[in-house]
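# quick one, fold the following:
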Amino acid sequence: ATAPSPPSVALPLPRPRTRPTSPSPLATMATEYKLPTVTVRDVAPADFITSYAAHLKRAGNLELPKWVDYAKTANFKELAPYDPDWYYVRVASVARKVYLRAGNGVGQLRTAYGGRKNNGFKPSHFAKGSGSVIRAAMASLEKLGVVEHNPAGGRRVTQKGRAEMDTQAALLAQKE
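The predicted model follows:
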């Protein structure tokens, strides 16, 4: 004699996975303005920095430190920058560097903005850039919500910052 087979139990079928139907705000913005998917990496660095600095100045959200008019950008410089909008340019440049490599801290950026120190008749040597200017630029970007502290160290770009910078890059690519 054979053993009776167990009664068949109807198991519920797994629900199919569905993706949300609404596109992301960035995708909506890109299709709304018909912008190509361009990132900061796809445009020339100098053009992007100039464009993003103009955007930061136009927006008017960036507060300039009191010392901007008479500060040097490094100890090896003899004079302060001639460009009255140099702080906007430096903030845009710091934002681009953090975008390209998350985890950049003040020390790495000081080295990136360093240069040759003229020691008179003695040999020239490398000197780092101003840490105070970079810290102020990072603080300004944090206040705008473009960068945030990285738990692994340094700073990283936020989603809002990435979207804003990619939009600037796309507008720049569209002009070309």
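
# residue 132: neighbouring residues, count only.
Using other CB atoms under 10 Å, residue 132 has 15 other residues around it. Using the backbone N, CA and C atoms, a C-beta is placed for each residue, glycine as well.

# hey, where'd the helices end up in the protein?
Under the criterion DSSP state H, helices of the chain are mapped to 25-32, 45-59, 86-100, 106-112, 131-144, 159-175.

# with distance to residue 77 as added columns, please give those helices in CSV.
Listed next are the helices of the chain as CSV, based on distance: least, CB to CB, whole Å:
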stretch, distance to residue 77
helix 25-32, 39
helix 45-59, 19
helix 86-100, 11
helix 106-112, 13
helix 131-144, 11
helix 159-175, 28
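
# from these, which stretch is densest packed?
Neighbour counts (mean count of other CB atoms under 10 Å) averaged over each of these peak at helix 86-100, with a mean of 22.

# and the angle for that helix with helix 45-59?
Angle, helix 86-100 to helix 45-59, by axes from the mean of the first three to the mean of the last three CA atoms, to 10 degrees: 120 degrees.

# state the distance from the closest residue to residue 47 other than its chain neighbours to residue 63.
Using CB to CB, 6 or more residues apart in numbering and skipping the chain neighbours, the partner closest in space to residue 47 is residue 172 (5.8 Å). Taking CB to CB, to the nearest Å as the measure, residue 172 falls 25 Å from residue 63.

# residues contacting the residue nearest to residue 47?
Applying CB atoms under 8 Å, 6 or more residues apart in numbering to residue 172 gives the contacts 38, 43, 47-48, 51.

# tell me the one of the residues you listed nearest residue 134?
residue 48 (18.7 Å; CB to CB).

# what about the closest one, distance to residue 166?
Distance of residue 48 to residue 166, given as CB to CB: 10 Å.

# which residues are in contact with both of these two?
In contact with both residue 48 and residue 166: residue 40, using CB under 8 Å, 6+ apart.

# ok, back up a step: out of the helices of the chain, nearest to residue 76?
Checked against CB to CB, the stretch from those lying closest is helix 106-112, at 11.7 Å.

# re the thing from before, lowest-confidence one in the contacts of residue 172?
For those, the model is least confident at residue 38; its pLDDT is 88.

# can you list the low-confidence ranges for this structure?
1-36 (pLDDT under 70).

# which residue is the nearest non-sequential neighbour of residue 97?
In space, residue 97 is closest to residue 104, 5.7 Å off (CB to CB, 6+ apart).

# next up, the contacts around residue 134.
So residue 134 contacts 90, 94, 106, 109-110, 113 (CB under 8 Å, 6+ apart).

# redo those as TSV? Include distance to residue 146.
Shown next, in TSV, are the contacts of residue 134 (distance: CB to CB, whole Å):
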residue	distance to residue 146
90	14
94	10
106	16
109	15
110	20
113	18
